[in-house]
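Enquirer: output the structure for:
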Amino acid sequence: MEHSDAKKIKILFLFVVVLLGFLIFLGTLFYWATIDRRLPRLEHKEVNHALRGNIISADGFKLATSQKLYKASVDTRNIDPKKVDLFVKLYSLYSGDDPKAVAATLKSNVGNTILSYRINSKNAKYLQELSRKLYKLGVFRSFEDPKTGVAFLHGLSIVESGEDRVYPSVDSATPILGYVRKKEYKNITKTTGVKGIERYYEDKLSSVQDSLVTGARDIANTIILDGNSFSERRFDGYDVHLTISLRMQKILENLLDKHKNELDAKEIMVAVMNSETGELVTLASSNRFNPDLIEKKDYGALNISAVEYIYEPGSVLKPIAFALLLKANKVNPYDIVNVHGGSYKLGKKIIKDTHKADTLTAEGVIVESSNVGTAILAQKLDAVEFYQGLKDFGFSLRSGVDLPFENPGVIPAMNRFNAAIYKATVAYGYGMNATFIQILKAYSVFNNNGRISTPHLVKKIVSPSGQELFPEKPPVNQVVPVAVAKRIQKILIKVVQEGTAKGTRMDGLEIGGKTGTAHIAEGGEYVRSYNGSFFGFVNDKTNHYTVGVLVREAKKRHAYFAAQSAVPVFKEVVEKLVENGYLTPSSEIQIKEATNKVP
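Expert: Just a heads-up that it's a prediction; the model follows:
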């Protein structure tokens, strides 16, 4: 029995030894089959990554464009020690890198080493050519891996590392242009829009398809393009063409910078829009940033105030309320209104005027910007007429401009308009909030025969193959009858001729508009801070523009009044439009003004 057990143990031991030997054999086979033995590849693949589309101004300048970045790497073990200096000199000459930094990198690293991540396309081509020359010069030598015993020869490698978004015009057209952030996609750096046009048109600007080229390789690891090679076409993102001219944009931005400093203002905005088409000639701000180098101090300028900042518009809303009265046949422009010497008690609230008068004509209430007269006239509108009328003019609704994160603003609920005090305060621009672009859109009604225009910044989108796509145009709504729009237009011209906006007059042009100086509320109370604005229009014989100016919180003494802040800016904007061929003054316009002068 004992002899039998000993024999079984010997057999089991022998079996275990054989099994272990077999497992070691399989493990060795697997190891040699899976390790990278650095054997030369007979086939090579190259991916040519597609780029983000360009944003192009109306005068043909690239405001945003993308360029490829490459990384250069080399295996230090393959560089002949006697020719390291030669490699450093030639590489630095072709790449533009500091030779001392390159030498230090090579000295401190053993094996595959990244020399640079930010090589542009031009230098990448030079370096690829250099790689071939270095082989011929014998700079690279074969190295045998002591672990595997396999020799390999790797030279200078230049591969794509991603794309870089570049803004050649620096801070011009920001913040509407927006900016991008980087994201990693399959070890390649791509960009995606965060704000502005970059964000709104992300689906068009983003790249569509990378190209792939497959084929046999030569000694420099470059694909041999022959009948056996294969390629897929690359599709870049679409180019977005704007309605704004870079030249005009820069001129007006410089103008705003000057006035911001003079007025000690928080921000100044200006927009010029074709009243009929809604095309924005400019949408400029004094608060801008460089998208290539955003710093902490720029954070406040990243938001687009024209569509994101809401405020009580003040007196610029009076012509809109008056238009609703005319549309409802609730007032005649020549009606006499008792304005009570410029002070009027409505409920518990006392409403006051800057200019005291006993009586004014109904249209004189607008020309003289009477709060009392506006409050009294507003009572003639019922809740539905007032509430729906404001919505028809675009308030509490997004304007439809092609910019992201637009604030719709706020108007009181319809039942609130049953209260006399709400009718009064909203009629002269308080108790509601609107954006700059909403008011601009509303004023287009008076310069477009009662039709409202949707502002937009993009004229067309062009595919890589040259196909042109045009943004869908929203329906044009008739907000007020033509006769009402014409009447308000004449009244706004009279405001410029005789009223609060005399500083905007210019011979040979038809100019009308309304000033607004509005208190700013903080924490539920009005503080000694104001927004000054001017919204109106300027026309010559062929061009019709709606123009808006907003000066936020000017601190210069007395400059918070719109007549001392927004009006001078408006006047200079019109002068720049004339100087640059957007407007042509004519003696016929003067004759028309005299003929249409409202008594």
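Enquirer: can you report how many residues lie near the closest residue to residue 276 other than its chain neighbours?
Expert: Of all residues not flanking residue 276 in the chain, residue 448 sits nearest, at 5.7 Å (CB to CB, 6 or more residues apart in numbering). All C-beta spots, glycine's among them, are computed from the backbone N, C-alpha and C. Counted with other CB atoms under 10 Å, residues neighbouring residue 448 total 24.
Enquirer: repeat that for residue 478.
Expert: Residue 478: 14 neighbours (other CB under 10 Å).
Enquirer: neighbours around the residue nearest to residue 572 when sequence neighbours are not counted, how many?
Expert: Distances taken as CB to CB, 6+ apart place residue 255 nearest to residue 572, at 5.7 Å, with adjacent residues excluded. Using other CB under 10 Å, the number of residues around residue 255 comes to 19.
Enquirer: over to residue 426?
Expert: 25.
Enquirer: give me the next element, helix or strand, following the helix or strand where it lies.
Expert: Assigned by DSSP states H and E, residue 426 falls within helix 420-427. Using DSSP H and E, the next helix or strand after helix 420-427 towards the C-terminus is strand 434-435.
Enquirer: ok, that next one: who's next to it in the sheet?
Expert: strand 310-311 (antiparallel) (DSSP bridges).
Enquirer: need the three-state assignment for the residue lying closest to residue 358 once chain neighbours are set aside.
Expert: Residue nearest to residue 358 in three dimensions, not counting chain neighbours: residue 341, with 5.8 Å by CB to CB, 6+ apart. Using DSSP: H, G, I helix; E, B strand; the rest coil, the structure places residue 341 in helix.
Enquirer: how near is residue 341 to residue 15?
Expert: 118 Å (CB to CB, to the nearest Å).
Enquirer: which of the two has more neighbours?
Expert: Neighbour tally, residue 341 and residue 15, criterion other CB under 10 Å: the higher count belongs to residue 341, 13 against 10.
Enquirer: list the contacts of the more buried one.
Expert: 356-358 (CB atoms under 8 Å, 6 or more residues apart in numbering).
Enquirer: mind checking the SS state of residue 103?
Expert: Residue 103 ends up helix, using three-state DSSP.
Enquirer: and it, how many neighbours does it have?
Expert: Close neighbours of residue 103, defined as other CB under 10 Å, add up to 17.
Enquirer: likewise residue 570?
Expert: Neighbours of residue 570 (other CB under 10 Å): 27.
Enquirer: go on, residue 174?
Expert: Neighbours of residue 174 (other CB under 10 Å): 27.
Enquirer: ok, it - contacts?
Expert: Taking CB under 8 Å, 6+ apart, one finds 196, 285, 288-291, 301 in contact with residue 174.
Enquirer: got a pLDDT number for the spatially closest residue to residue 587 that is not a sequence neighbour?
Expert: Nearest residue to residue 587, sequence neighbours excluded (CB to CB, 6+ apart): residue 508, at 6.5 Å. The model reports residue 508 with a pLDDT of 91.
Enquirer: surely residue 508 touches residue 574?
Expert: No - judged on CB atoms under 8 Å, residue 508 makes no contact with residue 574 at a distance of 11.0 Å.
Enquirer: got any ranges where the chain has weak pLDDT?
Expert: Low-confidence segments of the chain (pLDDT under 70): 1-6, 29-47, 211-232, 588-599.
Enquirer: run the last query once more with 80
Expert: 1-19, 21-22, 25-49, 144-153, 184-187, 208-234, 499-504, 522-526, 557-560, 587-599 (pLDDT under 80).
Enquirer: residue 192: what secondary structure?
Expert: Residue 192 ends up strand, using three-state DSSP.
Enquirer: which residues does it contact?
Expert: 180-181, 183, 202, 206.
Enquirer: who wins on neighbours among those?
Expert: The contacts of residue 192, ranked by neighbours (other CB under 10 Å): first place residue 180, 24 neighbours.
Enquirer: the nearest residue to it once chain neighbours are set aside: neighbour count?
Expert: In space, and not counting its chain neighbours, residue 180 is closest to residue 191: 4.1 Å by CB to CB, 6+ apart. For residue 191, the neighbour count with other CB under 10 Å is 22.
Enquirer: so the residue nearest to residue 276 sits right up against residue 545, yeah?
Expert: No - Residue 448 is beyond contact range of residue 545, at 10.8 Å (criterion: CB under 8 Å).
Enquirer: would you map the helices across the stretch 151-300 of the chain?
Expert: All helices of the stretch 151-300 of the chain, identified by DSSP state H, counting those that start in this stretch, fall at 196-200, 202-205, 246-263.
Enquirer: ok, residues contacting the last one?
Expert: The one in question is helix 246-263. By CB under 8 Å, 6+ apart, helix 246-263 touches 57-59, 61, 63, 169, 172-173, 265, 267-270, 281-282, 284-286, 288, 551, 554-556, 559, 565, 568-569, 572-573, 576, 580, 582.
Enquirer: if we can go back for a sec, any idea which of the helices of the stretch 151-300 of the chain is most buried?
Expert: helix 196-200 (a mean of 23; mean count of other CB atoms under 10 Å).
Enquirer: okay, now residue 506: neighbour count?
Expert: 16.
Enquirer: how about residue 147?
Expert: Count around residue 147 with other CB under 10 Å applied: 7.
Enquirer: likewise for the one 4 residues further on?
Expert: Number of residues near residue 151 (other CB under 10 Å) recorded here: 13.
Enquirer: ok now do it, which residues does it touch?
Expert: Here residue 151 is in contact with 142-145 (CB under 8 Å, 6+ apart).
Enquirer: what of residue 516?
Expert: So, once contact is read as CB under 8 Å, 6+ apart, residue 516 ends up touching 313-317, 429, 531-535, 562, 566.
Enquirer: now do 10 Å
Expert: Contacts for residue 516 (CB atoms under 10 Å, 6 or more residues apart in numbering) come out as 312-318, 369, 428-429, 439, 500, 530-535, 550, 562, 566.
Enquirer: am I right that it falls within a helix?
Expert: No - assessed with three-state DSSP, residue 516 is strand; it does not lie in a helix.
Enquirer: roughly how far apart are it and residue 345?
Expert: 24 Å.
Enquirer: do the same with residue 186
Expert: Distance from residue 186 to residue 345, by CB to CB: 72 Å.
Enquirer: try residue 103
Expert: In terms of CB to CB, residue 103 sits 85 Å off from residue 345.
Enquirer: again with residue 282
Expert: Residue 282 is 44 Å from residue 345, by CB to CB.
Enquirer: show me which of these two is the more surrounded one.
Expert: residue 282 (25 against 9).
Enquirer: residue contacts, that one?
Expert: By CB under 10 Å, 6+ apart, the contact list for residue 282 reads 173, 176, 243-245, 248-253, 270-273, 457, 547, 573, 576-577, 582.
Enquirer: is it bridged to anything, and to what?
Expert: Here residue 282, judged by DSSP bridges, has bridge partners residue 272.
Enquirer: now swap in residue 522 and tell me
Expert: Bridge pairing for residue 522 - DSSP bridges - gives residue 525.
Enquirer: number of residues surrounding residue 234?
Expert: 18.
Enquirer: err, residue 515, not the other one
Expert: So residue 515, with other CB under 10 Å, has 30 neighbours.
Enquirer: again with residue 120
Expert: For residue 120, using other CB under 10 Å, the count is 14.
Enquirer: now swap in residue 383 and tell me
Expert: For residue 383, the tally of surrounding residues (other CB under 10 Å) stands at 17.
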